[in-house]
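1. sequence? don't have it. structure:
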């Protein structure tokens with residue numbers, strides 16, 4: 001076992017602990033960015049001037065009426081920017097734009113003594129616009145050839161030969177929805193300038209270093225003149241990886257110009273209409289199977305709705321391509337990716353970062369094709385699992401592929417699927433208007449940033465004379481439990497109880513050049529950096545302890561806050577050891593660093609090994625569907641998930657449960673709607689609140705929900721043998737969608753292939769039921785969306 005993975009005697013990691021801020025959360029004492037306003041004197045409030053048109057060139061911007069509003073202090077426009085007027089890393093997102101690119105685009109910001117004064121001032125600003133044609137839907141952009149950014153192609157094997165060798169060939173199209181993050185805390189920033197001219201920004205951001213970088217270049221400053229701190233976030237889910245930078249820059253610009261603190265917090269409607277979502281996708285595909293149902297070839301084009309600017313769309317598409325295989329070996333593949341440019345908010349990172357979209361395409365294909373091949377969907381999936389020695393279409397060997405089958409078999413055993421499928425069949429035979437179904441799906445999700453340079457982490461660990469320990473690291477806490485795990489890592493490495501360790505807020509002046517807390521890599525990167533810093537300190541203290549105990553340092557162990565030498569009864573308490581080290585002038589602070597080894601990625605050839613390892617999991621979901629309304633309920637869910645050797649089981653199980661429910665929301669409930677009609681409302685987001693945008697609630701939770709962490713799954717080369725847990729569980733919710741597909745099929749003839757919209761809302765399920773009652777697509781020469789399939793299935797069907 002590697003040094004990084006090995007656990008010492010009586011580790012604190014592996015122990016179930018509550019979230020380090022749980023008490024603060026439930027009592028309302030936890031502070032978030034906007035809570036700091038009440039503790040800050042003379043704060044100004046920022047409010048956006050939004051233009052409610054989908055696209056247009058600004059011909060006049062009159063701010064004088066706003067300045068006449070009582071309480072308005074200043075109106076910020078592009079003329080006020082001393083540095084670079086851009087809020088993005090691609091330099092395609094003007095902070096103050098001359099051209100409105102989406103409905104609700106902010107073109108100026110008003111600063112007021114009160115939020116109400118700022119709001120009235122923003123309403124008084126006069127904007128004249130020369131309206132321009134807009135592209136709102138993904139279909140419109142594809143038809144117009146409106147694309148931007150890279151257009152990668154992933155190639156492996158001989159696709160044409162694969163299709164020539166296929167006994168069954170099918171084609172289809174699939175378009176699925178974007179998703180709103182709907183974090184509880186909206187975007188917020190508070191900026192002030194200290195007496196030395198240093199800009200200090202409190203920001204609800206997943207990427208403080210990048211927020212620092214953007215603020216600096218907007219203000220014309222160097223990074224050492226800007227400090228960004230993130231106390232914690234009330235949810236992020238990827239929506240605060242890139243998007244907070246512009247809001248922080250507005251607050252900082254206002255503070256620089258007025259000399260007063262500036263607070264910016266979006267209300268819910270503004271957050272929904274101004275910030276990006278998960279990318280919706282369109283997929284066009286062709287797939288070939290041999291006579292046994294094994295995939296021979298795949299040819300697909302994935303188009304992401306990028307919105308008006310690139311943001312993170314290029315890496316999102318890259319990750320979608322890297323995950324279109326999911327758990328299936330596809331020897332011959334040609335998959336192209338592209339980004340549509342539309343007049344909507346700039347879509348951005350969301351839990352899974354393109355991986356869910358790519359995996360959804362192949363799972364939809366498997367679910368639609370299984371009946372046409374005369375196979376049970378579970379059997380079709382299992383026949384195509386990765387085996388030892390096989391590689392992904394982008395050339396990375398799949399390590400531990402046996403875990404795909406292990407979690408698959410374990411979830412079947414835990415869920416009792418064989419008996420329950422017989423019970424479901426009996427139920428369906430006697431209930432013509434209500435149907436049940438049980439489906440199992442698996443996941444294989446790569447962990448690491450595709451951009452190799454981001455796979456690094458830093459930490460600063462301080463030990464004080466009284467034996468207490470303070471940790472600084474580059475990761476941010478958004479409720480996922482990262483700080484809890486860092487406390488456990490530090491306590492384990494130093495050999496002390498966790499109550500002796502405290503975590504400081506994430507700040508750019510403590511740990512520089514950090515990567516975003518994203519890609520499920522927060523624990524891997526920052527945990528290894530914290531461990532590295534603590535190991536440096538431990539080695540110094542072992543030398544001191546060895547001298548005090550009369551033993552070689554190599555024979556000293558620090559366990560549960562006591563240093564002991566092997567084969568001796570002598571011991572030295574931690575606090576005494578630290579005090580002695582101080583008196584001997586031993587350094588009691590250390591900077592830790594970690595870089596993920598073994599990664600290689602060539603973006604041009606789309607080939608390499610971009611991931612440190614793969615996370616695996618499987619879920620079995622049972623649903624019941626009402627044939628009259630399409631309404632359904634999730635009766636039971638069983639999950640087996642691979643988190644390696646868990647650092648904090650209670651945190652990990654919570655992440656699995658939360659990720660699954662968020663995935664089920666994306667796939668079955670959350671339906672973003674935009675006004676695509678011509679007229680003044682074109683491009684307007686119609687689902688502007690929880691009243692019209694349905695989120696998962698207690699009523700959508702499975703009636704029985706069982707989560708098991710895979711045992712004996714220590715990951716070599718990862719911090720204390722653990723694996724990432726943030727993103728992968730979201731994709732376990734594919735099982736719910738596939739169960740709905742099979743329940744819909746039960747209303748029709750045997751062998752029917754079901755096309756199911758995503759999200760599979762009750763309305764979508766109802767129309768799918770109506771379609772299968774009419775015959776739908778069947779194996780024996782029936783119709784799949786309008787084209788006949790002969791019984792040998794060699795002809796191409798169009799979906």
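-> Sure, I can see it. Computed from a predicted model, the values in this text were never measured in an experiment.
2. make it CA atoms for all contacts and neighbour counts henceforth
-> Will do.
3. wait, isn't residue 561 in contact with residue 498?
-> No. Using C-alpha atoms under 8 Å as the test, residue 561 is too far from residue 498 to be in contact (9.8 Å).
4. Might you report the residue contacts of the most centrally placed residue in the chain?
-> Centroid-nearest residue in the chain: residue 351, 1.6 Å away (criterion: C-alpha atoms, centre = their mean). Contact analysis of residue 351 by C-alpha atoms under 8 Å, 6 or more residues apart in numbering lists 237-238, 519, 726-727, 730.
5. Any chance of CSV for the residues you listed, columns secondary structure?
-> Putting the contacts of residue 351 into CSV (DSSP: H, G, I helix; E, B strand; the rest coil) gives the following:
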residue, secondary structure
237, coil
238, coil
519, coil
726, coil
727, coil
730, helix
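6. and which of the residues you listed is nearest to residue 576?
-> For these, the residue nearest residue 576 by C-alpha to C-alpha is residue 726; the value is 39.2 Å.
7. show me the contacts for the closest one.
-> 351, 480, 520, 655-656, 659.
8. Could you report the pLDDT at it?
-> On pLDDT, residue 726 comes in at 97.
9. how far away is it from residue 220?
-> Relative to residue 220, residue 726 is positioned 36 Å away (C-alpha to C-alpha, to the nearest Å).
10. Tell me where the model's unsure across the stretch 201-350 of the chain.
-> For the stretch 201-350 of the chain, not a single residue meets the criterion pLDDT under 70.
11. Quick one: the strands in it, in order.
-> 226-230, 262-265, 281-289, 295-307, 333-341 (DSSP state E, counting those that start in this stretch).
12. wait, residue 294 sits on residue 383?
-> Yes. At 6.4 Å, residue 294 counts as touching residue 383 under the criterion of C-alpha under 8 Å.
13. Between those two, which has more neighbouring residues?
-> Using other C-alpha atoms under 10 Å, the more surrounded residue of residue 294 and residue 383 is residue 294, with 21 against 14.
14. Just the helices from the stretch 601-750 of the chain, written as ranges.
-> Listed in chain order, the helices found in the stretch 601-750 of the chain under DSSP state H, counting those that start in this stretch are 649-668, 734-745.
15. Most tightly packed of those?
-> helix 734-745 (a mean of 28; mean count of other C-alpha atoms under 10 Å).
16. which helices and strands does the next helix or strand after that one pack with?
-> Beyond helix 734-745 on the C-terminal side, the first helix or strand identified by DSSP states H and E is helix 762-773. Contact here means 3 or more C-alpha pairs under 8 Å, 6 or more residues apart in numbering; DSSP states H and E; on that basis helix 762-773 packs against helix 734-745.
17. what's the closest non-adjacent residue to residue 233?
-> residue 478 (4.3 Å; C-alpha to C-alpha, 6 or more residues apart in numbering).
18. State whether the one you found and residue 238 are indeed in contact, as I suppose.
-> No. If you go by C-alpha under 8 Å, residue 478 and residue 238 don't touch, sitting 10.1 Å apart.
19. So for these two, which residues contact both of them?
-> residue 206.
20. So residue 217 sits against residue 84, correct?
-> Yes. Between residue 217 and residue 84 there is a contact under C-alpha under 8 Å: 5.6 Å.
21. now the helices for the stretch 1-150 of the chain?
-> Using DSSP H, counting those that start in this stretch, helices in the stretch 1-150 of the chain cover 22-27, 64-67, 115-124, 138-144.
22. whoops, the stretch 201-350 of the chain was the one
-> Counting by DSSP H, counting those that start in this stretch, the helices of the stretch 201-350 of the chain are 208-219, 244-258, 268-274, 313-322.
23. Out of those, which is closest to residue 181?
-> Here helix 268-274 is closest among the helices of the stretch 201-350 of the chain (C-alpha to C-alpha), at 8.9 Å.
24. Take the helices of the stretch 601-750 of the chain and lay them out in TSV including mean pLDDT.
-> Formatted as TSV, these follow (pLDDT from 0 to 100):
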stretch	mean pLDDT
helix 649-668	98
helix 734-745	98
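25. Would you reformat the ones you listed as JSON lines and include distance to residue 550?
-> Below are those laid out as JSON lines (distance: least, C-alpha to C-alpha, whole Å):
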{"stretch": "helix 649-668", "distance to residue 550": "39"}
{"stretch": "helix 734-745", "distance to residue 550": "60"}
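26. Which residues does residue 462 form beta bridges with?
-> Beta-bridge partners for residue 462, by DSSP bridges, are residue 470, residue 589.
27. wait, what's in contact with it?
-> Taking C-alpha under 8 Å, 6+ apart, one finds 469-471, 588-590 in contact with residue 462.
28. Spit out the contact partners of the residue nearest to residue 213 when sequence neighbours are not counted.
-> Using C-alpha to C-alpha, 6+ apart and skipping the chain neighbours, the partner closest in space to residue 213 is residue 223 (6.1 Å). Residues near residue 223 by C-alpha under 8 Å, 6+ apart: 212-213, 216.
29. Can you tell me which of these has the most neighbours?
-> residue 212 (28 neighbours).
30. That one is in contact with residue 229, isn't it?
-> No. Contact criterion C-alpha under 8 Å: residue 212 and residue 229 do not qualify, at 9.2 Å.
31. which residues do these two both contact?
-> Joint contacts of residue 212 and residue 229 (C-alpha under 8 Å, 6+ apart) are residue 508.
32. hang on, the earlier thing: would you reformat the helices of the stretch 201-350 of the chain as JSON lines and include distance to residue 749?
-> Compiled in JSON lines, the helices of the stretch 201-350 of the chain are given as follows (distance: least, C-alpha to C-alpha, whole Å):
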{"stretch": "helix 208-219", "distance to residue 749": "56"}
{"stretch": "helix 244-258", "distance to residue 749": "51"}
{"stretch": "helix 268-274", "distance to residue 749": "43"}
{"stretch": "helix 313-322", "distance to residue 749": "34"}
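33. Count the neighbours of residue 32 for me.
-> Other residues near residue 32 come to 18 when the count uses other C-alpha under 10 Å.
34. Please apply the same query to residue 143.
-> 9.
35. Kindly report the same for residue 50.
-> With other C-alpha under 10 Å as criterion, residue 50 counts 22.
36. Same check on the one 5 residues further on?
-> One way to gauge burial is a neighbour count; for residue 55, by other C-alpha under 10 Å, it gives 26.
37. ok, now how distant is it from residue 272?
-> Residue 55 sits 18 Å away from residue 272, going by C-alpha to C-alpha.
38. Tell me if I am right that residue 591 is in a strand.
-> Yes. When classified by three-state DSSP, residue 591 is found to be part of a strand.
39. hang on, it packs against residue 535?
-> No. At 10.4 Å, residue 591 and residue 535 do not qualify as touching, with contact defined as C-alpha under 8 Å.
40. between those two, which one's more packed in?
-> residue 591 (20 against 17).
41. Please report how far the more buried one lies from residue 281.
-> In terms of C-alpha to C-alpha, residue 591 sits 43 Å off from residue 281.
42. Then residue 661?
-> The value you get for residue 661 to residue 281, if C-alpha to C-alpha is used, is 21 Å.
43. ok, residue 384 - how many residues close by?
-> Applying other C-alpha under 10 Å, we find 15 residues neighbouring residue 384.
44. ok, now which ones touch the residue lying closest to it once chain neighbours are set aside?
-> Among residues not flanking residue 384 along the chain, residue 328 sits closest, at 5.0 Å (C-alpha to C-alpha, 6+ apart). Residues in contact with residue 328 (C-alpha under 8 Å, 6+ apart) are 381, 384-386.
45. Try it again at 10 Å.
-> 294-295, 362-363, 381-387, 392, 404, 442-444 (C-alpha atoms under 10 Å, 6 or more residues apart in numbering).
46. Of these, grab the buried ones for ChimeraX.
-> Provided next is the ChimeraX selection string for whichever of these are buried by 16 or more other C-alpha atoms under 10 Å:
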select :294,295,362,363,381,382,385,386,387,392,404,442,443,444
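47. Narrow the contacts of residue 328 to those in strands?
-> Per DSSP state E, strands hold the following members of the contacts of residue 328: 295, 442-444.
48. Look up how far residue 541 lies from the residue lying farthest from the centre of the chain.
-> Distance from the centre of the chain peaks at residue 550, with 51.7 Å (C-alpha atoms, centre = their mean). Here the criterion is C-alpha to C-alpha. By it, residue 550 lies 14 Å from residue 541.
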